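**Student:** predicted model and sequence below, questions to follow.
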Amino acid sequence: MPRKTKDILKQIGLQIFLLAITVLVMFPVMWIFSMALDSRNIDKPLDLTLIPPGASLKAFTKVLTEPFNLLCSDPGNVRSCMTFGTLLANSLLVALGTSLLSVALGASAAYAFSRFKFIGRQAGMLGFIVLLMLPATATLAPLYVLLSQIKIGAEPMRATLFGLMVAYASGTLPFAIWNLKGYFDTVPKELEEAALIDGASVTQTFFRIIVPLAVPALAVTVLFAFMAGWTEFVLAWTFLEDPSRFTLAMALRSMQGQFSTPWSEFSAMSILMSLPIVALFFALQKYLVGGLTVGGVKG
Amino acid sequence: MAEITTLAVKKPQRSKPDPGVSIKKSLLPWSYIAPAGLLMLVISFMPQIFQVWMAFTDFRVKNLRFNIFSPETWAKFAPPYAQPYGLGNFIKILTNNLALENYDFWRLLAFNVTWTVINVIFHVGLGVLIAMALNSKGLIGRRIYRALFVLPWAIPGYITALTWKNMYDQNFGAINFLIAAINNTFGTNFATNIRWIGETTPPIGGLLSYLPLAFYALLMANVWLGWPFMTVVATGALQSIPEELYEAAVIDGATGWAKFWNVTVPMIRPAMVPAMMLGTIWTFNNFNVIYFISKGDPFGRTDILVTQAFKLVFEQRLYGVAAAFSIIVFFILLAFTLFQNRITKATEAYNA
């Protein structure tokens, strides 16, 4: 077979395969779009249509503009209820705080593990990964008791957004440290040695050499931590008391009724909540492939 | 050549202490680790210690007022030790002696291991296959495919899980609608009222009869969620393979399969093994998919260990039992990971 025909056949085969995967990937995504557009706001759609009859953006406008009646500091006063904007502000704060903690503490620890030989190095690395294996579900009760003891001002740290950030960061740190350490390992040591000879301090070499070269891995760390802070709700639901601190993920959870769920609004809210994450994924996609060394592949 | 640091450190030289390392020299690196270490110590480690203590007691709702820092609560709210000898919770869990419906520890464990192994095989297999397709030369639309294929990973897991649950609905779910649409288009006659989650008759009998239909439904959803991560890792590894290796293999007379097994597989192994281990830990403890799609239905047969632990905490409020349960889960996962590390290491030596 001539080379050209073979290439064309291969291309057709690949396209069929990848289009099939695309259909499988897009099917649930389309389903949730279709539900969000369904103006009837019924429990379950009655047919498999992308654009349901009477499609409208009503669910989106309702979610975006109307207050959430279940999440009010004062149940009698609508003005005290959370709106999409106030929920969004809390979510952003928690997600960004988690990202910042993970990347700052993670990079610092990973740098030590990657660049120094010291007593307890192996044990320290293993210690962080072992903590990832402990199921977090049952530690909720002890963590609740513990964080209630630590006071910020007059109130327990448990009920604050800062408490949430710290708790989420403890979940994202083990992976961040392992992944960053693996990436730092790929940065040649000679670069820093040269800088140190030129009189730079360890801190300077870290910020001037390691950080710029490790942008992909740092971006991945930020992405994962942001996602964790943005989507978590079980811990938040258990720990927070004041509805004015509630997040989007918690509001979404509160829509899941025991007997029925307003699916159009739930879907619209889901789409709105997924958008920032998807946008972040697209923005950081060029770093994603290079930034995930997962334990470290050295060339 | 690619060198790898796997999760468990395996190089034998770790047993020799480095003569150049003194306590004084260790202070600087430890000061860099201190912030992260301190946070993990307070948020992860201390609750775990508390949990270990709880596991030996009969801690219940009324003991939540117990405060280790204020002695006046001790007499009133301290939980009694679980009988016998404090090991009561562990014995009850392992001998299925809990007053819970459909509870069987060994069935949970068997299901959890099956669930993890099958999922990771699919994630890695599909992930590598799709990464290779995306990496082939002259592919049209590569960028569009790459962008679309991160969607399952980028959409928050809880939302995906609830969407799949909705799609599996017997009367109004998208999957049954889809089957109906296929029937209409092609004149076929498949069943359109399948109870994807509630069906109790297993679709495959014999050895696999402990896996209900819900297992396959959950598997489909979790495979949908899990492969993009593996594709991204595999893509990075595939791109680092020098073209000359393939050219050399072709000169040696290697064809498609031989090239895959002798060049691609050994070259992407260093990246895939740690990703697989992480995938194993994540899948083993992956709460969202199971809890939000099936909630363990039918009759707890799709429960995994963490969903059972969650039910112990949030539905039964048996904190002591749940703590003991978590400790057991931890040791199982540790054993599982070490075992997996051993297998993957063994094949590594074989390939080298």
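**Tutor:** Great, that's in hand.
**Student:** so who does A:Ala36 touch?
**Tutor:** A:59-60, A:264, A:267-268, A:270-271 (C-beta atoms under 8 Å, 6 or more residues apart in numbering or on different chains). Just so you know, the C-beta spots here come from the backbone N, C-alpha and C atoms, and that holds for glycine as well.
**Student:** 10 Å instead?
**Tutor:** A:52, A:55-60, A:63, A:263-272 (C-beta atoms under 10 Å, 6 or more residues apart in numbering or on different chains).
**Student:** repeat that for B:Phe56.
**Tutor:** Contact partners of B:Phe56, counting by C-beta under 10 Å, 6+ apart, are B:79, B:81-82, B:85-90, B:320, B:323-324, B:327.
**Student:** list phi and psi for it.
**Tutor:** phi -100, psi 0 (degrees, to the nearest 10).
**Student:** what does A:Cys72 give?
**Tutor:** Main-chain dihedrals, A:Cys72, degrees, to the nearest 10: phi -130, psi 140.
**Student:** can you name the residue of the stretch 251-352 of chain B nearest to chain A?
**Tutor:** B:Pro274 (3.1 Å; C-beta to the nearest C-beta).
**Student:** tell me which element that residue is part of?
**Tutor:** helix B:265-284 (DSSP states H and E).
**Student:** moving C-terminal of that helix, what's the next helix or strand?
**Tutor:** Toward the C-terminus, helix B:265-284 is succeeded by helix B:287-289 as the next helix or strand (DSSP H and E).
**Student:** what's the following helix or strand after that next one?
**Tutor:** Past helix B:287-289, the next helix or strand by DSSP H and E is helix B:305-314.
**Student:** picking up where we left off before, could you give the number of residues near the residue of the stretch 251-352 of chain B closest to chain A?
**Tutor:** B:Pro274 is flanked by 24 other residues according to other C-beta atoms under 10 Å in any protein chain shown.
**Student:** buried residues in stretch A:67-75?
**Tutor:** For stretch A:67-75, a neighbour-count test (16 or more other C-beta atoms under 10 Å in any protein chain shown) marks A:68, A:71-72 as buried.
**Student:** same thing with stretch A:280-294?
**Tutor:** Neighbour counts using 16+ other C-beta under 10 Å place A:280-281, A:284-285, A:287-294 of stretch A:280-294 among the buried residues.
**Student:** average pLDDT across the one helix or strand A:Lys4 maps to?
**Tutor:** Element membership of A:Lys4, judged by DSSP H and E, is helix A:3-37. Helix A:3-37 comes out with an average pLDDT of 89.
**Student:** in that helix, what's buried?
**Tutor:** A:14-15, A:18, A:21-22, A:25, A:28-29, A:31-37.
**Student:** neighbours of the residue of the stretch 51-200 of chain B found nearest chain A, how many?
**Tutor:** Proximity of the stretch 51-200 of chain B to chain A (C-beta to the nearest C-beta) peaks at B:Phe172, 3.0 Å away. B:Phe172: 16 surrounding residues under other C-beta under 10 Å.
**Student:** mind checking the SS state of it?
**Tutor:** Classification of B:Phe172 using DSSP: H, G, I helix; E, B strand; the rest coil returns coil.
**Student:** not counting sequence-adjacent ones, nearest residue to A:Leu105?
**Tutor:** B:Ala36 (4.0 Å; C-beta to C-beta, 6 or more residues apart in numbering or on different chains).
**Student:** the one you found is in contact with A:Gly106, isn't it?
**Tutor:** Yes - judged on C-beta atoms under 10 Å, B:Ala36 makes contact with A:Gly106 at a distance of 6.4 Å.
**Student:** need the overlap of contacts for the two.
**Tutor:** Common neighbours of B:Ala36 and A:Gly106 (C-beta under 10 Å, 6+ apart) are A:128, A:169, A:173-174, A:176-177.
**Student:** same list, those residues, but as JSON lines with pLDDT, distance to chain B and secondary structure please.
**Tutor:** JSON lines is the format used below for the shared contacts of B:Ala36 and A:Gly106 (pLDDT from 0 to 100; distance: C-beta to the nearest C-beta, whole Å; DSSP: H, G, I helix; E, B strand; the rest coil):
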{"residue": "A:Phe128", "pLDDT": "81", "distance to chain B": "7", "secondary structure": "helix"}
{"residue": "A:Ala169", "pLDDT": "92", "distance to chain B": "6", "secondary structure": "helix"}
{"residue": "A:Leu173", "pLDDT": "91", "distance to chain B": "6", "secondary structure": "helix"}
{"residue": "A:Pro174", "pLDDT": "87", "distance to chain B": "8", "secondary structure": "helix"}
{"residue": "A:Ala176", "pLDDT": "89", "distance to chain B": "9", "secondary structure": "helix"}
{"residue": "A:Ile177", "pLDDT": "89", "distance to chain B": "7", "secondary structure": "helix"}
